[in-house]
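# Give me the fold of what follows.
(chains A and B)
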Amino acid sequence: MFSTIYILWLRQIKRYLRSKSRIIGSLGQPILFLVALGFGFGPMYSASGQGNFIEFLAPGIIAMSIIFTAMYSGMEVIWDKQFGFLKETLVAPVSRFNIMLGRTLGGASVAMFQGILVLIISTFFGFQILSFSGLLLGFLFMFLIAVFFTALGTAIASVLEDMQGFQLIMSFLVMPIFFLSGALFPIEGINRTLYYIIRINPLTYGVDGLRQSLISEGYFSLGLDLVVLAILAIITLILGAKLFSKIQI
Amino acid sequence: MEKILEVENLSKFYKDFQAVKDVNFNVFKGEIFALVGPNGAGKSTSLKMIATILNPSAGKIRINGIDTSKDSEEARKCISYLPEDAGAYKNLSGLDYLKFMASMYNDDKKAQKTQVDFAANLSNLGKKLKNKVKTYSKGMTRKLLLSRAIMTRPKLLILDEPTSGLDVINAVNVRDIIKNLSRQGVAVLLSSHNMLEVEYLSNRLAIIDKGEIKAEGKADDLKAKFQSQNLEEVFMKITK
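Now for the predicted structure:
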């Protein structure tokens, strides 16, 4: 059982490491957000007495790089469906749950690695991690965000036939999830309708948990962030495994 | 003779369209059985259902006595499948691809190495196995994929258009590999729209058109029955 999971995990990692353009390319957007928003809105944020905007923004940008990479990794299933690789994997005498788990953990590891790269880059923009224990806790939140979104990507890719739907998912699911997660602005005092939307957004708890861990600032309690995200990650993993096991090619 | 594959009343619907209609046939140990018919006849759909990657709408498939609807994972231990549109990861070397696939079939490192060595030898790609798959020609890729399909020593080898897109030399090479396998006791189920190839390769065949098996038997028997010179003529008479 574990060997299949490990093999597919390793495959995802190797695939990522061999694609240098993907690693470098996916850093462009987070850096742009840190520069444009961090330095653009920073003075306004400080002037309103809220403190250092980079400190507030960096956890959100880290989460952004994780969800984009994770969703892409999950949705690679569509490529594999189209180019025939998946047929060969699915016809091997191993359980589809293990195949899905291996792929998801691989995709999640890649997304988490991408998040760590953005975390390191953020420090060059003035972001400061408060403690080592906070950093470890931050890694846990990064991992949970990565697992949740990779499994979500896999679940969606299991029912989609081609990559045409990918843009639709990015525009109408991933972008709203990111923008309405409190990643770019504080939740306090926000419009009531928007507040409820943010509250039901899974990423809200991931971003809040990351902030709590890395800079000891947040809106919810750390326990709530952790429980909500862990439960959602498990549910999505089960859902993804169910849909993946039903793939018909 | 030992039955390796039993297909009973196999059907597949896509909404109102029936792609496969009540298909019945068996494949025995060491036999090459061909499904032959034009594009869209239902060959690939039938093979996908037998390979357990597509659920039948109705009917039964038993591989080595195992009902695929009840224990597909166990049934998959007996088969190897080469899809028509199979591809290998382009950034992997041919050798790494074989190693990756061997590890999917076997936990034991020694057994994996034996399988990879066997496939490497069979593919006849020599030192080029260390090159990335993206540098391979279509023929080289197909030989690599076929070697991968064979290396697990399946009881039933399912090949969808095995020589599709290959030049004469590579096609002959692939046909020889398939013939040799059947001599070693492997049951081979293949699909092709190349009737001359099927006539040369298969022990028995079924002519399929619009999802239905129109005739089944040995090539010579079918030619005699329909008073035809070759299978193409048989096919034209049956489907007229």
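# My guess is A:L224 contacts A:Y205. True?
Yes - the pair A:L224 and A:Y205 qualifies as a contact (C-beta atoms under 8 Å) at a distance of 7.1 Å. C-beta here means a position set from N, CA and C on the backbone, and glycine is covered the same way.
# higher neighbour count, the two?
The residue with more neighbours, out of A:L224 and A:Y205, is A:Y205; 28 against 15, by other C-beta atoms under 10 Å in any protein chain shown.
# Okay, and that one sits in which element?
helix A:202-215 (DSSP states H and E).
# Does that helix pack against any helices or strands, and if so which?
Counting contacts by 3 or more C-beta pairs under 8 Å, 6 or more residues apart in numbering or on different chains; DSSP states H and E, helix A:202-215 is packed against helix A:53-82, helix A:132-159, helix A:175-179, helix A:222-245.
# buried residues in the shortest one?
Right, helix A:175-179. A:I177, A:F178, A:F179 (16 or more other C-beta atoms under 10 Å in any protein chain shown).
# Those residues also near chain B: which ones?
The subset of the buried residues of helix A:175-179 within reach of chain B, counting by C-beta under 8 Å from any C-beta of the partner chain, is empty.
# Which of these sits closest to A:L239?
Nearest to A:L239 among those is A:I177, at 16.3 Å by C-beta to C-beta.
# all strands in chain B, in order from the N-terminus.
Ranges of strands in chain B, per DSSP state E, are B:3-14, B:17-28, B:32-36, B:58-63, B:66-67, B:79-82, B:156-160, B:187-192, B:204-209, B:212-217.
# quick one: which of the ones you listed is nearest chain A?
Minimum separation from chain A across the strands of chain B (C-beta to the nearest C-beta) falls at strand B:79-82, 4.5 Å.
# which neighbours does the closest one have in its sheet, and in what orientation?
In the sheet, strand B:79-82 lines up against strand B:156-160 (parallel) (DSSP bridges).
# got the helices and strands packed on helix A:202-215 as JSON lines, with mean pLDDT columns?
Converted to JSON lines, the helices and strands packed on helix A:202-215 look like this (pLDDT from 0 to 100):
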{"stretch": "helix A:53-82", "mean pLDDT": "92"}
{"stretch": "helix A:132-159", "mean pLDDT": "96"}
{"stretch": "helix A:175-179", "mean pLDDT": "95"}
{"stretch": "helix A:222-245", "mean pLDDT": "96"}
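# tell me the most buried of the ones you listed?
Across these, averaging neighbours per residue (mean count of other C-beta atoms under 10 Å in any protein chain shown) puts helix A:53-82 on top, at a mean of 24.
# Which secondary structure elements does that helix sit against?
helix A:20-33, helix A:40-47, helix A:85-90, helix A:96-124, helix A:132-159, helix A:164-169, helix A:175-179, helix A:202-215.
# Least confident of those, on average?
Looking at the helices and strands packed on helix A:53-82, the lowest mean pLDDT belongs to helix A:164-169 (a mean of 82).
# what about that one, distance to the chain center?
Computed by C-alpha atoms, centre = their mean, to the nearest Å, the separation of helix A:164-169 from the middle of its chain amounts to 17 Å.
# List the contacts of it.
For helix A:164-169, the surrounding residues in contact (C-beta atoms under 8 Å, 6 or more residues apart in numbering or on different chains) are A:M71, A:M75, A:I78, A:I156, A:L160.
# 10 Å instead, please
Here helix A:164-169 makes contact (C-beta atoms under 10 Å, 6 or more residues apart in numbering or on different chains) with A:71-72, A:74-75, A:78-79, A:152-153, A:156-157, A:159-160, A:174-175.
# Check whether stretch A:12-26 comes near chain B.
Yes - Stretch A:12-26 lies within reach of chain B by C-beta under 10 Å from any C-beta of the partner chain, at A:K14, A:R15, A:R18, A:S19.
# Now for the residue nearest to B:K179 when sequence neighbours are not counted: which residues touch it?
Distance criterion C-beta to C-beta, 6 or more residues apart in numbering or on different chains; nearest residue to B:K179, sequence neighbours excluded, is B:L201 at 6.8 Å. For B:L201, the contact set (C-beta under 10 Å, 6+ apart) comprises B:32, B:34, B:159, B:162-163, B:174-176, B:178-179, B:182, B:188, B:190, B:192, B:194, B:219.
# How about the contacts made by the residue most central in space within chain B?
Nearest residue to the geometric centre of chain B (C-alpha atoms, centre = their mean): B:L159, 1.6 Å. For B:L159, the contact set (C-beta under 10 Å, 6+ apart) comprises B:32, B:34, B:47, B:80-84, B:145-146, B:149-150, B:174, B:178, B:181, B:188-192, B:201.
# Pop the domain breakdown of chain B in here.
B:3-78+B:154-239, B:87-153 (automatic domain parsing).
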